[in-house]
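*Asks:* what would the 3D arrangement of this be:
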Amino acid sequence: MRKKMFRMIAAIMLVAAIGFIAFAFGHPEMSFPWSNTVTHVLYVLYILATVVLFAAPF
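*Replies:* Predicted structure coming up:
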């Protein structure tokens, strides 16, 4: 049960990330109100969380 839940959350996060990337490529004029360093840290944390949720059932 828990394995399935972790995989489902990770899959939703992956789909959300793909959607975000598609939106970002379509709207290059938009940006975040903070520095690129903060943005990159958030991206890395998101990727790590997704990888951990995919790997947790093993």
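*Asks:* ignoring the adjacent residues along the chain, who's closest to Phe54?
*Replies:* Excluding its sequence neighbours, the residue lying closest to Phe54 (CB to CB, 6 or more residues apart in numbering) is Ala10, at 4.4 Å. Glycine gets a C-beta too; all of them are placed from N, C-alpha and C.
*Asks:* need the per-residue pLDDT for that neighbour.
*Replies:* pLDDT recorded at Ala10 is 92.
*Asks:* roughly how far apart are it and Ala55?
*Replies:* Taking CB to CB, to the nearest Å as the measure, Ala10 falls 9 Å from Ala55.
*Asks:* so between those two, which is more surrounded?
*Replies:* Ala10 (19 against 10; other CB atoms under 10 Å).
*Asks:* pull the residues that contact whichever helix or strand Lys4 is part of.
*Replies:* Here Lys4, judged by DSSP states H and E, is contained in helix 2-26. The contact list for helix 2-26 (CB atoms under 8 Å, 6 or more residues apart in numbering) reads Met30, Tyr46, Ile47, Ala49, Thr50, Leu53, Phe54, Ala56, Pro57.
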